[in-house]
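[1] starting from these lines, generate the structure:
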Amino acid sequence: MSRVGKYPVPIPAGVTVALQGRTVIAKGRLGELRMDLSDDVDVEVGASGVAVKPRNDSVRARTMWGTTRSLINGMVVGVSSGYSKSMEINGTGYRAAVQGNELVLNLGFSHEVRYPVPKGIKITCEKPTSIKVEGIDKRLVGQVAAEIRAFRPPEPYKGKGIKYENETILRKEGKKK
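    This is a model prediction of the structure:
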């Protein structure tokens, strides 16, 4: 029995969840998200929320039960309040700026790194050393943040690079004389 899947997904005010065939559609004040369902689960939209049930007792059905419930919950939260990831840039001369539909990063390379902002994502830079990635799709926000971080991940000696705001870098001791 899934400990996650057995609880219905609560639907907050201002959000509507509909089922069209094998597709779940969540609409809210921030936008609309769609997800195709697996053949191993059934979904029921009721007054108390969205209930997910496995179709049979196979291992795959029980696995997809909790996963589907979690994905639907992510959709509902995304269209109602959205997701964001904050990042910090550490290093002398390292900075970021948004120019048009591109994020321009100066990360100590001989060239500046230009990252095109995907559709459905909003990137802001309040300071030259901070980046905020916002959107309604949890997976896409995390993927974009990971791609930006991959341009210059933090190094363990001085901590230079791009890191998440709440990330701690395990520091190493430098060379000894």
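
[2] and the longest strand seen in the chain, what does it pack onto?
    Taking DSSP state E as the criterion, the chain has its longest strand at strand 83-90. Under the contact criterion of 3 or more CB pairs under 8 Å, 6 or more residues apart in numbering; DSSP states H and E, strand 83-90 touches strand 130-135, helix 138-150, strand 161-164. Every C-beta, even on glycine, is put in place using the N, C-alpha and C of the backbone.

[3] which residues does the helix or strand just after that strand contact?
    Later in the chain than strand 83-90, the nearest helix or strand by DSSP states H and E is strand 95-99. With contact meaning CB atoms under 8 Å, 6 or more residues apart in numbering, strand 95-99 is reached by 89, 103-106, 117, 123-125, 128-131.

[4] so the longest strand of the chain versus strand 130-135, what angle?
    Angle of strand 83-90 versus strand 130-135, following axes from the mean of the first three to the mean of the last three CA atoms, to 10 degrees, is 160 degrees.

[5] redo the contacts of strand 95-99 as TSV? Include distance to Pro54, neighbour count and pLDDT.
    Converted to TSV, the contacts of strand 95-99 look like this (distance: CB to CB, whole Å; neighbours: other CB atoms under 10 Å; pLDDT from 0 to 100):
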residue	distance to Pro54	neighbour count	pLDDT
Ile89	45	23	94
Leu103	42	23	94
Val104	48	15	95
Leu105	45	22	94
Asn106	51	16	94
Val117	39	15	94
Ile123	39	21	95
Thr124	41	13	94
Cys125	45	18	93
Pro128	50	12	93
Thr129	47	15	93
Ser130	44	15	95
Ile131	40	26	95
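
[6] quick one: these as JSON lines, columns for distance to Ser38 too.
    Compiled in JSON lines, the contacts of strand 95-99 are given as follows (distance: CB to CB, whole Å):
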{"residue": "Ile89", "distance to Ser38": "40"}
{"residue": "Leu103", "distance to Ser38": "35"}
{"residue": "Val104", "distance to Ser38": "40"}
{"residue": "Leu105", "distance to Ser38": "38"}
{"residue": "Asn106", "distance to Ser38": "44"}
{"residue": "Val117", "distance to Ser38": "31"}
{"residue": "Ile123", "distance to Ser38": "32"}
{"residue": "Thr124", "distance to Ser38": "36"}
{"residue": "Cys125", "distance to Ser38": "39"}
{"residue": "Pro128", "distance to Ser38": "44"}
{"residue": "Thr129", "distance to Ser38": "42"}
{"residue": "Ser130", "distance to Ser38": "39"}
{"residue": "Ile131", "distance to Ser38": "35"}
